[in-house]
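Novice: Would you be able to build a 3D model of this:
(one chain, ligands or ions: 1)
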Amino acid sequence: LIPAVQESRLTPVLKALADEGRLRLARLLLDGAFHVSELCDVLAARQSTVSRNLKILTDAGLLSARREGRLVFYAWRADEDAVRAQLRSLVLRHGPPPDDAERRRVAHVWEERRARSADFFAKVDAADPAAAWLGSPDCLPRLAAAVPVGARVADVGTGSGRMLPLLSGRAAQVIAVDASPSMLDEARRAAGGAAVDLRLGDMSHLPLHDGEVDTAVVNMALHHVPEPRAALRELRRVLRPGGTLLVGDFLPHHEEWMRDRMADQWLGFAPDELSDWLLDAGFEGVRIEPIHSSRAGALSVFVAQATRREEPVRS
Ligand SMILES: C[S@@+](CC[C@H](N)C(=O)[O-])C[C@H]1O[C@@H](n2cnc3c(N)ncnc32)[C@H](O)[C@@H]1O
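Specialist: So this is what the prediction gives:
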């Protein structure tokens, strides 16, 4: 008699991924969280097909589904799990990449979201108690302390410029970039008399020359960017070879309201995933330090540090 074989943990996920349509869907969802009708548009697929494939991937434990108002957003599950982390890497490196038409349609989704985020930051009221969520103070001193004395530094997504007084004390040159003119006005006030070069621009096309800075700091801004992987490649471009990227942001969390009220595109980043993205974008020596705050109700954050590699970016 042949004994019954017990199903391993891998079997349901491998079965779920053993289909070209679901593999394409899983590959696309590595670029961000999408709701069903966005996925139907991007993949030019019927809603019944997309919904069925999403259900299979979700039931297999690969995806999470989050309701926001009348929309349900799907994304890769962010909780740490060795199997998921390895599958995510495998799908990213070897899964079917989006074709040109899909890329164009994804760009359209990002553009719409970017416009919503810009609209939010044009109107944000710093006196609103919810604005306390705009950045975690826990990261600031650690990021500033990691900036080498005498460096040329860019504070990307500078916001109200809280980082600027800390940076201008140690850097030789400070460039502050933000996509929102009204946030740049706030940053100008925060800089006080310090010599800070304020530049309006988006993280996907930074207003900086190739290799213009030694260090780039991005605190609590990456989660607002629809395409963080493209932003990391752009940050690499503006760093000199051997230069340092410093990122402060949230660890994965479940505060769904922040998508709507704070224009957040990503509910934090998993260190494994961010590390993969940094390596892919052309960085090395990645170190990510989680910081669990003692403030009641505060979300956990991390500080990541990476060095710009010299050789070309992996495709
Ligand atoms: C939560 S605030 C953080 C500000 C600041 N770094 C801090 O720690 O206080 C996020 C800032 O990122 C900016 N931002 C969002 N998306 C951006 C993008 N794609 N390019 C440049 N800046 C962006 C927003 O305008 C906002 O000022």
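
Novice: pLDDT weak spots in the stretch 151-300 of the chain?
Specialist: Residues of the stretch 151-300 of the chain meeting the criterion pLDDT under 70: 260, 295-296.

Novice: now the helices: where do they sit in it?
Specialist: Using DSSP state H, counting those that start in this stretch, the helices found in the stretch 151-300 of the chain span residues 164-168, 181-191, 228-238, 257-261, 271-281.

Novice: how about the ones you listed in JSON lines, adding mean neighbour count?
Specialist: Just so you know, the C-beta spots here come from the backbone N, C-alpha and C atoms, and that holds for glycine as well. Output for the helices of the stretch 151-300 of the chain, formatted as JSON lines (neighbours: other C-beta atoms under 10 Å):
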{"stretch": "helix 164-168", "mean neighbour count": "21"}
{"stretch": "helix 181-191", "mean neighbour count": "17"}
{"stretch": "helix 228-238", "mean neighbour count": "22"}
{"stretch": "helix 257-261", "mean neighbour count": "15"}
{"stretch": "helix 271-281", "mean neighbour count": "20"}
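
Novice: Tell me which of the ones you listed lies nearest to Cys139.
Specialist: helix 164-168 (11.0 Å; C-beta to C-beta).

Novice: how far is the strand or helix carrying Thr58 from where the chain is centred?
Specialist: Element membership for Thr58, per DSSP states H and E: helix 47-59. Between the centre of helix 47-59 and the centre of its chain there are 25 Å (C-alpha atoms, centre = their mean, to the nearest Å).

Novice: Report all helices and strands that it contacts.
Specialist: helix 10-17, helix 20-28, helix 36-43, strand 63-68 (3 or more C-beta pairs under 8 Å, 6 or more residues apart in numbering; DSSP states H and E).

Novice: Next up, the contacts around the closest residue to Pro96 other than its chain neighbours.
Specialist: Leaving out its chain neighbours, the residue that sits closest to Pro96 by C-beta to C-beta, 6 or more residues apart in numbering is Arg24, at 5.2 Å. By C-beta atoms under 8 Å, 6 or more residues apart in numbering, the contact set of Arg24 is Leu43, Gly95, Pro96, Pro98.

Novice: longest strand anywhere in this structure?
Specialist: strand 239-250 (DSSP state E).

Novice: For the closest residue to Thr158 other than its chain neighbours, grab the count of nearby residues.
Specialist: Leaving aside its sequence neighbours, Thr158 sits nearest to Ala176 (C-beta to C-beta, 6+ apart; 4.0 Å). The number of residues packed near Ala176 is 27, by other C-beta atoms under 10 Å.

Novice: what's the spacing between Ala176 and Val147?
Specialist: Using C-beta to C-beta, to the nearest Å, Ala176 is found at 13 Å from Val147.

Novice: that older thread, among the helices of the stretch 151-300 of the chain, which is nearest the ligand?
Specialist: Taking C-beta to the nearest ligand atom, helix 181-191 is the member of the helices of the stretch 151-300 of the chain nearest to the ligand, at 3.7 Å.

Novice: Check which helices and strands the closest one is in contact with.
Specialist: helix 100-123, helix 164-168, strand 173-178, strand 196-200.

Novice: Out of these, which is the most enclosed?
Specialist: strand 173-178 (a mean of 24; mean count of other C-beta atoms under 10 Å).

Novice: Would you mind listing what in the stretch 201-315 of the chain touches the ligand?
Specialist: Neighbours of the ligand within the stretch 201-315 of the chain, by C-beta under 6 Å from any ligand atom: Asp202, Met203, Asn219, Met220, Ala221, His224, Val225.

Novice: Report the beta-bridge partners for the third one.
Specialist: With DSSP bridges applied, Asn219 shows beta-bridge pairing to Gly248.

Novice: Next up, the contacts around it.
Specialist: Gly135, Cys139, Leu140, Leu143, Asp155, Gly157, Met163, Val247, Gly248, Asp249.

Novice: what's the answer for the fifth one, then?
Specialist: Taking C-beta under 8 Å, 6+ apart, we find Ala221 in contact with Val156, Gly157, Gly159, Met203, Asp249.

Novice: Tabulate the helices of the stretch 151-300 of the chain in JSON lines, adding columns for distance to Ile56.
Specialist: JSON lines is the format used below for these (distance: least, C-beta to C-beta, whole Å):
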{"stretch": "helix 164-168", "distance to Ile56": "48"}
{"stretch": "helix 181-191", "distance to Ile56": "42"}
{"stretch": "helix 228-238", "distance to Ile56": "26"}
{"stretch": "helix 257-261", "distance to Ile56": "25"}
{"stretch": "helix 271-281", "distance to Ile56": "22"}
